[in-house]
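Trainee: Using only what follows, build the 3D model:
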Amino acid sequence: MTLAALQEDVRVEPRAARAARSDAMLRLLTCGSVDDGKSTLIGRLLWDAAGVTEDQRMAIALASQNRAINGEKIDFSLLLDGLQAEREQGITIDIAWRYFETQNRRFIIIDSPGHEQYTRNMATGASHADIAILLIDARHGVKRQTRRHAAICNLVGIKKVVLAVNKMDLIDWDEARYRAIEADFQALAGNFSFAEVVTIPVAALSGDNVVQRSARMPWYDGTTLHEYLSNVDPKAEPVDAPFRLPVQLVLRAGGDFRGYAGTVTSGSINVGDRIVDARSGLGATLTRIATMDGDRATAGKGDAVTLVLDTDLDISRGAVLSELPRRPVNADVIEARLVWLSESPFDPEAGYLLRTATDLTPVTSVSVSALIDFETLASSPAHSCGMNDIADCRILLGRPTPIDLFSDLPLTGNFVLVSAIDGATVAGGVITWAQAGAASVGDNVLVLDRALLARGVCADLGNSPADEAEFNRRAQEVALILRSAGVPVVIDL
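Mentor: Residues are numbered from 1 along each chain as shown. You can find the predicted model right below:
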């Protein structure tokens, strides 16, 4: 879009129309193995869909003079490969964010790296996306990294996936090869909870089926990539989702003003509704919803607001305000699936902290129970994990923490695990199960200490790191069994 057209668009477009288009925004992730053509595909999409200004076109054309590929005069990947190291190596290292719009939709494109070394960057990008484009080189088909990326997309809750079978020109537009890859990926996708998988044969370099329909693949009667993206509905939260607002800051001003600031992550709230602090159970009535644009009567998902209550609650950053009947679980034990992002492998003896929306909770222990096999996509028993592994684990928290299941409310059901030593992020994950906080230690609470366990279920274990991890796992398993039977339990190792 040219500057003049943009100025005209801003001048004549009503505010309501702009708001409607904002609601239709699509956050789009591109992923796949290295050299499958992700940057070229998105560059071509931007180029052909009028998302590139004239000065950008001239700059890219000039920069492409020594990088022409297969006779094409434009190297479309230059629109995405922003780092000098990326241009030198010909791969994407960091996440590239690009914004463009059409008549009825605004797009945020998240171009993620394909190299296994940078899987952590891909996982970060996936956590922001509504829909994923997973690229496959038509010559090579489904790879191990393809399986890993599909598993991560599923892990972070992406429900719609476009399989773009790229470089069809290099296999002479062979339909049989395309159909074989399509069937292979559909079988792979059956292991996940994707709601929709669409496959499209493309040649990113020449633009076939990217924006313009290809005349060289008459056997394909589906949509082009651009047509699909322009019409697909992003994932939508159920209209009856429970209200959640993780408190970011408690605001105090002159007089008696006290407000709880944060962003609504799900549901909606109205002035006059009763809300509750999920951790303490203290409730109050909402008397005012303040924003930078003035007070309002209601607030919904995505709104940054300050809530004023009729009763001052003794809470701070990290608290979660919710509706009264449907509260988060005040959990002290959770089960989760995570992707390990640190170059240092999991260490059961290391100290970790659990970071949720606005809270930071001490972790008593973490135990790994299984790893995802990227060949079979089955879970196999394990007690350790390393960089880029996807693992099932159990985490014992140092204090009860308001938590939702990721399948119910993704924004309050995900977390990152950080090192207690330097604050570095070591893993990101989603919560699959949560146990309500145990009772305080007292006469009616069973304490599972090391001596008790060492005489019984852990008598066969030694002092190695693997045995220590297994000791912790068994302790938590015993505690969960007892709690499910109604016995209050705490673990003291």
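Trainee: how about the helices of the stretch 301-450 of the chain, start to end?
Mentor: Applying DSSP state H, counting those that start in this stretch to the stretch 301-450 of the chain gives helices spanning 450-455.
Trainee: What segments of it are strands?
Mentor: In the stretch 301-450 of the chain, the strands defined using DSSP state E, counting those that start in this stretch lie at 304-309, 320-323, 329-340, 352-355, 360-372, 379-381, 390-403, 414-419, 425-436, 446-449.
Trainee: Which strands or helices does the last one pack on?
Mentor: For strand 446-449, the helices and strands in contact under the criterion 3 or more CB pairs under 8 Å, 6 or more residues apart in numbering; DSSP states H and E are helix 465-484, strand 489-492. Backbone N, C-alpha and C define where each C-beta goes, glycine included.
Trainee: if you set the cut-off to 6 Å instead, what comes out?
Mentor: strand 489-492 (3 or more CB pairs under 6 Å, 6 or more residues apart in numbering; DSSP states H and E).
Trainee: show me the contacts for the residue nearest the centre of the chain.
Mentor: Against the mean C-alpha coordinate of the chain, by CA atoms, centre = their mean, the closest residue is residue 127 at 1.9 Å. Going by CB atoms under 6 Å, 6 or more residues apart in numbering, residue 127 touches residue 156.
Trainee: Least confident of the strands of the stretch 301-450 of the chain, on average?
Mentor: Of all the strands of the stretch 301-450 of the chain, mean pLDDT reaches its minimum on strand 446-449 (a mean of 76).
Trainee: Can you list the strands that it pairs with?
Mentor: As defined by DSSP bridges, the strand partners of strand 446-449 come to strand 489-492 (parallel).
Trainee: so where is the chain shaky, pLDDT-wise?
Mentor: 1-24, 50-57, 60-61, 63-96, 103, 112-122, 124, 235-239, 437-445, 483-493 (pLDDT under 70).
Trainee: Nearest residue to residue 393 in space, ignoring adjacent ones along the chain?
Mentor: residue 368 (4.9 Å; CB to CB, 6 or more residues apart in numbering).
Trainee: picking that back up, quick one: closest of the strands of the stretch 301-450 of the chain to residue 275.
Mentor: strand 320-323 (5.1 Å; CB to CB).
Trainee: Packing partners of that closest one?
Mentor: When contacts are defined as 3+ CB pairs under 6 Å, 6+ apart, strand 320-323 packs onto strand 244-252.
Trainee: What are the contacting residues of the helix or strand just after the strand it packs on?
Mentor: Counting by DSSP states H and E, the next helix or strand C-terminal to strand 244-252 is strand 258-263. With contacts defined as CB under 6 Å, 6+ apart, strand 258-263 is touched by 245-252, 304, 306-308, 312.
Trainee: separation between the residue nearest to the centre of the chain and residue 271?
Mentor: To residue 271, residue 127 is 33 Å away according to CB to CB, to the nearest Å.
Trainee: give me the number of residues near the nearest residue to residue 242 once chain neighbours are set aside?
Mentor: With sequence-adjacent residues excluded and distances taken as CB to CB, 6+ apart, residue 242 is closest to residue 326, at 3.9 Å. Residues contacting residue 326 under the criterion other CB atoms under 10 Å number 15.
Trainee: Need the phi and psi values for residue 326.
Mentor: When read as degrees, to the nearest 10, the backbone of residue 326 gives phi -120, psi 90.
Trainee: Test my guess that it contacts residue 243.
Mentor: No. Residue 326 is beyond contact range of residue 243, at 8.1 Å (criterion: CB atoms under 6 Å).
Trainee: what touches both of the two?
Mentor: By CB under 6 Å, 6+ apart, no residue touches both residue 326 and residue 243.
Trainee: Residue 42 looks like it's in a helix, true?
Mentor: Yes. Under DSSP: H, G, I helix; E, B strand; the rest coil, residue 42 falls within a helix.
Trainee: ok, it to residue 110 distance?
Mentor: On the measure of CB to CB, residue 42 and residue 110 end up 9 Å apart.
Trainee: intersection of neighbour lists for those two?
Mentor: With CB under 6 Å, 6+ apart as the test, residue 42 and residue 110 reach no residue in common.
Trainee: what about the two, which has more around it?
Mentor: residue 42 (29 against 23).
Trainee: Was I right to think that one contacts residue 109?
Mentor: Yes. Using CB under 6 Å, residue 42 is in contact with residue 109, at 5.5 Å.
Trainee: okay, now the domains of the protein?
Mentor: Residue ranges for the domains of the chain, per automatic domain parsing: 3-231, 244-323, 328-437, 439-493.
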